[in-house]
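# take this sequence and fold it.
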Amino acid sequence: MSTLSYLAQEAAAEQTFKGLGAVGYGLAAIGPGIGVGIVVGKAIEGIARQPELQGQIRTTMFLGIAFTEALALIGLVAGFIF
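The predicted structure is shown next:
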């Protein structure tokens, strides 16, 4: 195999895998999206069952959302690093 054809194959492979980082991050964002939906849904359910605990439930909900969104940010940063 000549060096020129080898370099052409490597360039074609590089173009093929260039957009996979965006696809990977898109797939990584699905998990935190589902997580935020579950957290908010359960918080609404808890407030509906015990309205007097609305303040505590809301605070806990925002903490859960923050931790869940941290996963999405880690996925974004990992995409840039790798």
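# okay, and for this structure, where does confidence drop off?
Counting by pLDDT under 70, the ranges of the chain that qualify are 1-20, 79, 82.
# now with 80, please.
1-29, 75-82 (pLDDT under 80).
# at the geometric centre of it, which residue do we find?
Ala29 (2.5 Å; Cα atoms, centre = their mean).
# what residues are up against the nearest residue in space to it that is not next to it in sequence?
Nearest residue to Ala29, sequence neighbours excluded (Cβ to Cβ, 6 or more residues apart in numbering): Ala72, at 5.5 Å. C-beta: built from backbone N, CA, C; applies to glycine. Contact partners of Ala72, counting by Cβ atoms under 8 Å, 6 or more residues apart in numbering, are Ala28, Ala29, Pro32, Gly33.
# if we can go back for a sec, state the helix or strand in which the residue nearest to the centre of the chain lies.
Using DSSP states H and E, Ala29 sits in helix 20-49.
# tell me which residues in that helix are buried?
Tyr25, Ala28, Pro32, Gly35, Val36, Val39, Ala43, Gly46, Ile47 (16 or more other Cβ atoms under 10 Å).
# show me what it is packed up against.
helix 54-81 (3 or more Cβ pairs under 8 Å, 6 or more residues apart in numbering; DSSP states H and E).
# buried residues, the helix it packs on. List them.
Buried, per 16+ other Cβ under 10 Å, within helix 54-81: Ile57, Met61, Gly64, Ile65, Thr68, Ala72, Gly75, Gly79.
# wait, doesn't the second one sit right on Val40?
The reference is to Met61. Yes - Met61 is within contact range of Val40, at 6.5 Å (criterion: Cβ atoms under 8 Å).
# now the buried residues of helix 20-49 in JSON lines, with distance to Leu53?
As requested, the buried residues of helix 20-49 are exported to JSON lines (distance: Cβ to Cβ, whole Å):
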{"residue": "Tyr25", "distance to Leu53": "37"}
{"residue": "Ala28", "distance to Leu53": "33"}
{"residue": "Pro32", "distance to Leu53": "26"}
{"residue": "Gly35", "distance to Leu53": "22"}
{"residue": "Val36", "distance to Leu53": "21"}
{"residue": "Val39", "distance to Leu53": "16"}
{"residue": "Ala43", "distance to Leu53": "10"}
{"residue": "Gly46", "distance to Leu53": "7"}
{"residue": "Ile47", "distance to Leu53": "7"}
